[in-house]
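# Next input, structure requested:
(one chain, ligands or ions: 1)
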Amino acid sequence: MQEADNYVIINQPISSINLMENASKAFCKLFKKEVLDKEAQLSILCGQGNNGGDGLAIARLLHNDKYKNISVYVIKFADSQSEGNKQNVKRLLKLKVPVTIVQNAVKLKELKADIIIDAMLGSGLNKPLKDDYADLVALVNASKARIISVDVPTGFATEGEIPENYNGIKADLVISFQRPKINFFFPESVEAFYRYKIVDIGLDENFIQGLTSNWKLLKNADIKALIKPRANFSHKGTYGHALLVAGNTTTMGAAILVASACLNAGAGLTTVCLPQSGLIALNTTLPEVMALPRNEHLAIEDFDKFNVIAIGPGLGLEPENEELFEKIINLNKPIIVDADGLTILSKRKDLLDKLPAESILTPHVKEFDRLFGEHKNWWGRIKTAQKEAKERDLIIVLKNQYTFICLPTGEVRINPTGNPAIASGGMGDVLTGIITAFMAQGYSSEDAATLAVYIHGKAGDKLAENKFVVSAHQVALQIPKTMKDSLS
Ligand SMILES: NC(=O)C1=CN([C@@H]2O[C@H](COP(=O)(O)OP(=O)(O)OC[C@H]3O[C@@H](n4cnc5c(N)ncnc54)[C@H](O)[C@@H]3O)[C@@H](O)[C@H]2O)[C@@H](O)CC1
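Residues are numbered from 1 along each chain as shown. Purely as a prediction, here's the structure:
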């Protein structure tokens, strides 16, 4: 982001101080929608760097916007002060806004405010909070005021490990500039803020897109570019034949969900390899889907006609399933492994080592740690996923509210779609069905995983617009519409 800031300053007719002004204006525009009461007591806490510079500019802009009760506190625990900060101090001092210099935390003990705007430290954080800063942040967190942070909550690192004993600001809202920061996507960020919103500050988007980075935040345009239209004169054979090895006596629903998703995501033909006891359930709920009864006599030739195979949802851990899994691995074609398939891999590292190149693993956090070792935090987990994806030539889809798709190239695609309403059983089965359908249709493993994760979450988002919770089967049925909508 710093690189993008510098680019704009060099290549666009805009100076650093004007970029700060743009950022502050963008903050205020959103702030005014969040805080309608112009009589509210606003305390703006400003550090000595550019984050503090934003805070000072915000104080001036909100004063000009007729917010009546503004108090500014300049946190001066060190001598250094950025240029933008100095200029904004001068501009603010021309107005009748009370400014208090704070040289130790105790001075703010009696801070009374309805809203605290936190502009102490932003993306420039370079060490954990200690001493006065730690004390001050503790005082602010203990106040009853609503806290709104500028760009980043003070003490929250934008990248890298989020410590277990996070001691930074706990904001109600972060109004962040231009792009969400990577650490916003990790579950540990709940310690630092309840929600964030992004505002555009005029950085050059083309340039940001062109920056070499291993992180890519997916957006609808990426998905639109990937979706292949259904071709004229095409037929079921055009869209491939998927095999789903899934289901067991008490988990037949998983087989039905994965099959329904595969069907709805456009596979030409879908077959489920399931126990005999599941045939009636499958035939009655999904008449379009075919069955391959699962027994110990299945041979490699039985799998020849399938373009792609997924294994795992509701499979069960019986030894014969392990043997079948080994046979499928020996076909040496990319496969999709989920749920019990992952559990088998975590016990049978020899099979993990033999997975065909470009296979896709879809673990949730516990499955991931069982496969690759316990992790203390998500930053470490993503680093391991990047390494394993690269070394093993796999696509690792690490599921969470924001799912991370780790590619063999080292790239990590972050999926912004999805929401807590879809956090329920069977949702992973549906995702596996969608990925498999795309693989059957000839998408590469990378593209199939990317498209599927985005479409799955987007379908859930649409359903959550008027539903408190959304079931997995509802998501499966929503996929055709979501795909059509993604093209416009
Ligand atoms: N680059 C730009 O032109 C723009 C920057 N913007 C703002 O600038 C911020 C980044 O500004 P800066 O790089 O000046 O950094 P900050 O204002 O975040 O931090 C200021 C200084 O605090 C010191 N510091 C770091 N960690 C500390 C700790 N734990 N305890 C005590 N002191 C510590 C460092 O020396 C750091 O440079 C962004 O978050 C954003 O708010 C915006 O104004 C948009 C434009």
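
# alpha carbons only for contacts and neighbour counts from here, please
Will do.

# The ligand contacts on the chain?
2, 5, 16, 19-20, 23, 48-52, 54, 121-129, 150-151 (Cα under 6 Å from any ligand atom).

# Please indicate which of those are buried?
Neighbour-count burial (16 or more other Cα atoms under 10 Å) applied to these gives 5, 16, 19-20, 23, 48-52, 54, 121-123, 129, 150-151.

# Out of those residues, list just those in helices.
5, 16, 19, 20, 23, 50, 51, 52, 54 (DSSP state H).

# Need the max-distance pair from those.
Based on Cα to Cα, the longest span within these runs between 5 and 52 and measures 16.7 Å.

# Residue 328 belongs to a helix?
Yes - judged by DSSP: H, G, I helix; E, B strand; the rest coil, residue 328 forms part of a helix.

# Tell me the spacing between the closest residue to residue 463 other than its chain neighbours and the ligand.
Leaving aside its chain neighbours, residue 463 sits nearest to residue 470 (6.7 Å; criterion: Cα to Cα, 6 or more residues apart in numbering). Look at residue 470 and the ligand: by Cα to the nearest ligand atom, to the nearest Å, they are 37 Å apart.

# can you check residue 403 too?
In terms of Cα to the nearest ligand atom, residue 403 sits 25 Å off from the ligand.

# What's the local residue count around the residue lying closest to that residue once chain neighbours are set aside?
The spatially closest residue to residue 403, leaving aside those adjacent along the chain, is residue 415, at 5.3 Å (Cα to Cα, 6+ apart). Burial of residue 415, expressed as a neighbour count using other Cα atoms under 10 Å, amounts to 25.

# give me phi/psi at residue 415?
Main-chain torsions, residue 415, degrees, to the nearest 10: phi -100, psi 120.

# circling back to that earlier point, neighbours of the residue nearest to residue 463, how many?
For residue 470, using other Cα under 10 Å, the count is 22.

# My guess is it contacts residue 462. True?
No - using Cα atoms under 8 Å as the test, residue 470 is too far from residue 462 to be in contact (9.9 Å).

# now the residue nearest to the spatial centre of the chain: how far from residue 463?
Residue closest to the average C-alpha location in the chain (Cα atoms, centre = their mean): residue 402, at 2.5 Å. For residue 402, the distance to residue 463 equals 17 Å [Cα to Cα, to the nearest Å].

# any idea how far the residue nearest to the centre of the chain lies from residue 361?
Note on residue 402: its distance to residue 361, by Cα to Cα, is 16 Å.

# what helix or strand is residue 197 on?
Per DSSP states H and E, residue 197 falls inside strand 193-199.

# my bad, residue 32
Counting by DSSP H and E, residue 32 is found in helix 16-34.

# Could you list the alpha-carbon positions for that helix in PDB?
Output in PDB follows, covering the C-alpha atoms of helix 16-34 (Å, rounded to 0.1, in the frame of the first residue of the first chain):
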ATOM      1  CA  SER A  16       1.400  13.500   0.100                       C
ATOM      2  CA  ILE A  17      -0.400  16.200   2.100                       C
ATOM      3  CA  ASN A  18      -3.200  16.200  -0.500                       C
ATOM      4  CA  LEU A  19      -3.500  12.400  -0.400                       C
ATOM      5  CA  MET A  20      -3.800  12.800   3.400                       C
ATOM      6  CA  GLU A  21      -6.600  15.300   2.800                       C
ATOM      7  CA  ASN A  22      -8.300  12.900   0.300                       C
ATOM      8  CA  ALA A  23      -8.100  10.100   2.900                       C
ATOM      9  CA  SER A  24      -9.500  12.300   5.600                       C
ATOM     10  CA  LYS A  25     -12.300  13.600   3.400                       C
ATOM     11  CA  ALA A  26     -13.200   9.900   2.500                       C
ATOM     12  CA  PHE A  27     -13.200   9.000   6.200                       C
ATOM     13  CA  CYS A  28     -15.500  12.000   7.100                       C
ATOM     14  CA  LYS A  29     -17.900  11.100   4.300                       C
ATOM     15  CA  LEU A  30     -18.500   7.700   5.800                       C
ATOM     16  CA  PHE A  31     -18.300   9.000   9.400                       C
ATOM     17  CA  LYS A  32     -21.100  11.400   8.800                       C
ATOM     18  CA  LYS A  33     -23.300   8.500   7.800                       C
ATOM     19  CA  GLU A  34     -22.300   6.500  10.900                       C
END
